[in-house]
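# Provide a 3D model corresponding to the input given below.
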Amino acid sequence: MKNQTLKRKDIITITLLTLINVIIFMAGSFFYISPITILAMPVLFALLEGVVFYVISMKVPKRGAFLIYCTIRGIMGFYLPYILFYVLAGLLAEGIMAKFRYGNSKGVCISYIVTQVLGAIGGTVYPYVIAYKSFFADAEAMAAQGANQNVLAAANMIQSWKCLVLLLAVAVAAWIGSLLAKAILKKHFLEETHA
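A predicted model of the protein is given here:
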């Protein structure tokens, strides 16, 4: 049986790969131009971030890899609920991978979908729907200080059942992102073997 213990090199690899998705996340700040684009962010991230998630599963198919990935992603969001939901996602991903076997494509796909949905709950649904009253308690003061009114408008757009539509869109986008990641990596590795 292959050694499942993470080594220092594995942790560095996971960290560097995770930072790619953190950069994608931070680059998305220009999406705050309208309420619709704000709500599209978690869907777009779910489409794009799958490649890194799959590379981690291929390069470091060991227990703890996804927990490290999710912990770094959460911490780099600088928002406590986001951190907590991402750590929960990492724990669930580890449980899924333990059941399916580390490196198993189906397990990676399910883990990725769970991770993206929980990330969207922590970063969008929690502040905009669950904690709406406290998050926007000083909405008028925020607006007077020049805060982005699009955030409040986006929050108003996904109240009640509409947040479920957003989470469904994230789950579907994550599934498509998984398919894209598998296709990209398959093509890349097939080209490497024929070179």
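
# L47 contacts W175, correct?
No - with contact defined as CB atoms under 8 Å, L47 does not count as touching W175 (9.9 Å). (Each C-beta comes from the backbone N, C-alpha and C, glycine too.)

# next one: the lengthiest helix in the chain to chain centre, how far?
Ranked by residue count under DSSP state H, the longest helix found in the chain is helix 162-194. Taking CA atoms, centre = their mean, to the nearest Å, one finds the center of helix 162-194 at 12 Å from the center of the full chain.

# and what of stretch 157-171?
Relative to its chain's centre, stretch 157-171 lies at 16 Å (CA atoms, centre = their mean).

# go on, stretch 39-56?
For stretch 39-56, the distance to the chain centre is 6 Å (CA atoms, centre = their mean).

# Show me what the longest helix of the chain is packed against.
For helix 162-194, the packing partners by 3 or more CB pairs under 8 Å, 6 or more residues apart in numbering; DSSP states H and E come out as helix 35-48, helix 50-59, helix 105-120.

# Show me what the last one is packed up against.
Going back to what we said before, that points to helix 105-120. helix 35-48, helix 50-59, helix 65-75, helix 80-100, helix 162-194.

# Send me the next helix or strand after it as CSV with only the CA atoms.
Going down the chain from helix 105-120, the next helix or strand is helix 132-135, by DSSP states H and E. Extracted in CSV, the C-alpha atoms of helix 132-135 (Å, rounded to 0.1, in the frame of the first residue of the first chain):
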residue,chain,number,x,y,z
TYR,A,132,-28.7,39.6,6.5
LYS,A,133,-29.9,41.7,9.3
SER,A,134,-26.6,41.9,11.2
PHE,A,135,-24.5,42.0,8.0
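
# Show me which residues of helix 132-135 are buried.
Neighbour counts over helix 132-135 (16 or more other CB atoms under 10 Å) mark Y132, F135 as buried.

# one step back: quick check: which of the helices and strands packed on helix 162-194 is buried the most?
Mean neighbours per residue, mean count of other CB atoms under 10 Å, is largest over these for helix 105-120, with a mean of 23.
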